[in-house]
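1. This is a predicted model, with the sequence first.
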Amino acid sequence: MNVALDRSDFLSPAGTDPMPGACRDVTAALDFARGGGRTVLTRQHVPYPFHITRPFALDRTLPELATLYLQSSSGGLYRGDRLRLDLRAGAGAMAHLTSQAATVIHRTPAAPARLSTSITAGARSFLALTNDPFILFPEAGFVSSMEITVAPDARVIVSDGFASHDPEARSRPFERLETRTRICGPDGGLIATDRGSLSGLDFAGGGSPLGPYRAMGSMLVLGPRLGEIDPHRLTTEMEALGCCAGISELPNGGGLILRCLALTGGHLAQGMDYLFVLTFMALMGERPARRRK
Amino acid sequence: MLSLFATLWQADSAFPNGGFAFSNGIEGLADLGQRLDREGLTNVLAMALTHRWMGMDRIAVSLAFAAADDMDRLAEIDLRFDAATIPALQRAGSRRNGLGLLTAHARLGTGAAAEMKRQVETGRMRGHLPVIQGAVWRACGMDETSVLAASAYTAVTGMTSAAVRLSLIGAVEAQSCLRATLPLMARLVDDAGRAGPLTCDDFESLTPMLDIATMRHATSEVRLFSN
């Protein structure tokens, strides 16, 4: 199975490990605070392999919104990696973290790569994390965990997406994918959990839970909304992008979830970009500036 | 022998539990253009069992079976199941179907069904179907394996019945799909019996196509089934 990747600067030969035998156990942390009409980084701990750009003020009408590009400087995730990302937005802070390209999960024999993300959105804050899809190479195992804690008046957009790709075009499956998302209120009260696991064989098999599609993504939209998303417009415009999408209320009035399926990772990336525009407009009341990639 | 007869009784589509109103994603999949002939429907049944029932209903049924006399614990399982059921229409269908089963058993005087129904009516429980199945079917005299088998079987027959009523497949062909799915159901129930202790933290489901079908069904202008 081939996956068309429009943004794939992390692609490298399968199994190429920058540090053979090494399992990276690393935590990156970014704290955002509101000050002087802007959002500033009050803590920035970004060890290798994480890399972050400086904050950009891309949205003219929202100068307090800082947009940063999060990058991997090692060509993806490798066997035994345990990477953690801790994001915090203080009261009134507004930040959007996105990536510049898809992230490859290389083969991980007997030791899946793990990425654990913690997101804490304080009062009246806006925090968005919209990575391009993760691309699972043959024999890759990946565990993606997200713990989201959101104040009642905070706004949050979080997305994830997954596709597979065999650089040698031999249709070899990845090993296993596990996704775990937990959304809580500031008092620790559970709002929703969204967990799943799937082998590469099931992902691409005849009875795949993706149906005829081969890439999948989800987007969470939490917090008070200034506008609503028209589900009919959503499905029509996503179909024009080669995607099949749906939208639903989360349990316990927690917000919205959008699911997206696409034939390729490239289509998924385009679809998720469009979903970000729709959800940003619903939360913030205006269209976001283009995030150049 | 009582467990076998109780299982036949509860898995019978004639039992008035309101399940006829739910397609559990079949109508939505048809609207998406998914092929639901013999092979297509068999694949969908296998997918729903493997990637939804096994990680969600199976766990809730077993936990509720073990906690059948403990209303606080049943309420906890029920709320955790609710939080892990993502499409709103799927949550609503599971709750309505659970209340239907509970109402029938409350009228029959089964175990603590009447008390559980009060818990649902006062909002302490949401009343999700697998939680009600686990607790009420134990009171009917079914053993845990039979409860799991009946849960899997009724989940599948609900979907095949919906496919027939939507004229997506003929009645005999639907039975062919059902027969083809029996070995998988047997394996999953066996696997469930061999699995170690599970908790509400283990709830998981990965069925994006069914999720999207259910989500889009919520705004469909014409629909025969509730979900």
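-> That came through fine.

2. Averaged pLDDT, the longest helix seen in chain A. What do you get?
-> When chain A is scanned for its longest helix (criterion: DSSP state H), the result is helix A:265-284. For helix A:265-284, the mean pLDDT works out to 96.

3. Can you give me the buried ones in it?
-> For helix A:265-284, burial by neighbour count (16 or more other CB atoms under 10 Å in any protein chain shown) applies to A:265-276, A:278-284. The way it works is simple: take the backbone N, C-alpha and C, and place the C-beta from them, glycine included.

4. who does the spatially closest residue to B:Arg216 that is not a sequence neighbour bridge with?
-> Spatial nearest neighbour of B:Arg216, excluding adjacent residues (CB to CB, 6 or more residues apart in numbering or on different chains): A:Gly246 at 4.9 Å. When assigned by DSSP bridges, A:Gly246 has beta-bridge partners A:Arg259.

5. Test for you: state the pLDDT assigned to the residue nearest in space to the middle of chain A.
-> What sits nearest the mean C-alpha location of chain A, by CA atoms, centre = their mean, is A:Asp160, with 3.3 Å. With respect to pLDDT, A:Asp160 scores 96.

6. so which helix or strand takes in it?
-> Applying DSSP states H and E as the criterion places A:Asp160 in strand A:155-164.

7. next SSE after that strand?
-> Taking DSSP H and E, what comes next after strand A:155-164 is strand A:176-184.

8. quick one: low-confidence parts of the chain?
-> Defaulting to chain A. Chain A contains residues with pLDDT under 70 at A:1-22.

9. meant chain B, my bad for not saying
-> In chain B, residues with pLDDT under 70: B:18.

10. same thing but at 80, please
-> B:17-21, B:220-224, B:226-227 (pLDDT under 80).

11. What segments of it are helices?
-> For chain B, the helices defined by DSSP H occupy B:2-11, B:26-31, B:38-48, B:57-66, B:71-84, B:88-108, B:113-121, B:129-139, B:144-165, B:171-194, B:208-217.

12. Over to the stretch 51-200 of chain A?
-> A:200-204 (DSSP state H, counting those that start in this stretch).

13. Chain B contacts on that one?
-> When proximity is defined by CB under 8 Å from any CB of the partner chain, the stretch 51-200 of chain A lies next to chain B at A:179, A:190-198.

14. at 7 Å what do you get?
-> Contacts of the stretch 51-200 of chain A with chain B, taken as CB under 7 Å from any CB of the partner chain, map to A:190-198.

15. thought B:Ser3 was touching B:Gly141?
-> Yes - under the criterion of CB atoms under 7 Å, B:Ser3 makes contact with B:Gly141 at 5.9 Å.

16. hang on, the earlier thing: show me what contacts the residue nearest to the centre of chain A?
-> By CB atoms under 7 Å, 6 or more residues apart in numbering or on different chains, the residues touching A:Asp160 are A:131, A:144, A:179, A:217-218.

17. So what sits opposite it in the bridge?
-> Counting by DSSP bridges, A:Asp160 is bridged to A:Ser218.

18. Distance check, it against chain B.
-> Distance of A:Asp160 to chain B, computed by CB to the nearest CB, to the nearest Å: 12 Å.

19. And for A:Ser72?
-> In terms of CB to the nearest CB, A:Ser72 sits 25 Å off from chain B.

20. now that residue, nearest residue through space, not along the chain?
-> Closest residue to A:Ser72 apart from its sequence neighbours, by CB to CB, 6+ apart: A:Pro49 at 5.2 Å.

21. just B:Phe20 next, same as before
-> Distance criterion CB to CB, 6+ apart; nearest residue to B:Phe20, sequence neighbours excluded, is B:Ser161 at 7.2 Å.

22. count of neighbours near the one you found?
-> By other CB atoms under 10 Å in any protein chain shown, 20 other residues sit near B:Ser161.

23. Kindly report the same for B:Pro183.
-> Around B:Pro183 there are 9 residues (other CB under 10 Å).

24. Repeat that for A:Leu41.
-> 17.

25. Backbone dihedrals for it, please?
-> Per-residue torsions, A:Leu41: phi -90, psi 120 (degrees, to the nearest 10).

26. Now do it against chain B, distance only.
-> For A:Leu41, the distance to chain B - CB to the nearest CB - is 33 Å.

27. same question, A:Leu210
-> With distances taken as CB to the nearest CB, A:Leu210 is found 6 Å from chain B.

28. Quick check, that residue in contact with A:Gly217.
-> No - using CB under 7 Å, A:Leu210 is not in contact with A:Gly217, being 10.9 Å away.

29. Looking at the two, which one has more neighbours?
-> Counted by other CB under 10 Å, A:Leu210 and A:Gly217 do not tie: A:Gly217 has more neighbours, with 28 against 24.

30. How about the more buried one: what's its closest non-neighbour residue?
-> A:Gly217 sits nearest to A:Gly161 (CB to CB, 6+ apart), 3.2 Å away.

31. How many neighbouring residues does the one you found have?
-> A:Gly161, neighbours per other CB under 10 Å, totals 24.

32. residues contacting it?
-> A:133-134, A:215-217, A:268, A:272.

33. Recalculate using a threshold of 10 Å.
-> If a contact means CB atoms under 10 Å, 6 or more residues apart in numbering or on different chains, then A:Gly161 has A:102, A:130-135, A:215-219, A:260, A:262, A:265, A:268-269, A:271-272, A:275 as its contacts.

34. do B:Ala113 as well
-> Residues near B:Ala113 by CB under 10 Å, 6+ apart: B:101-107, B:132, B:135-136, B:139-140.

35. circling back to that earlier point, just checking, the residue nearest to A:Ser72 touches A:Leu85?
-> No - judged on CB atoms under 10 Å, A:Pro49 makes no contact with A:Leu85 at a distance of 11.4 Å.

36. Common neighbours of those two, please.
-> The contact sets of A:Pro49 and A:Leu85 overlap at A:26, A:28 (CB under 10 Å, 6+ apart).

37. closest to B:Glu121 among the residues of the stretch 51-200 of chain A next to chain B?
-> Nearest to B:Glu121, judged by CB to CB, of those is A:Leu190 at 23.0 Å.

38. Test my guess that that closest one contacts B:Phe203.
-> No - when contacts are counted by CB under 10 Å, A:Leu190 is not listed as touching B:Phe203 (11.3 Å).

39. When these two are compared, which one has more neighbours?
-> Remark: of A:Leu190 and B:Phe203, B:Phe203 carries more neighbours, 22 against 18, as counted by other CB under 10 Å.

40. If you drop the residues flanking it in sequence, what lies closest to the more buried one?
-> Closest residue in space to B:Phe203, ignoring its immediate chain neighbours: B:Ala84 at 3.9 Å, by CB to CB, 6+ apart.

41. ditto for A:Phe56
-> In space, and not counting its chain neighbours, A:Phe56 is closest to A:Thr67: 4.8 Å by CB to CB, 6+ apart.

42. Repeat that for A:Phe162.
-> Nearest residue to A:Phe162, sequence neighbours excluded (CB to CB, 6+ apart): A:Phe134, at 5.3 Å.

43. Contact partners for that neighbour?
-> For A:Phe134, the contacting residues are A:10, A:76-77, A:99, A:102-105, A:113, A:115, A:140, A:142, A:144, A:160-164, A:177, A:179, A:217, A:265, by CB under 10 Å, 6+ apart.
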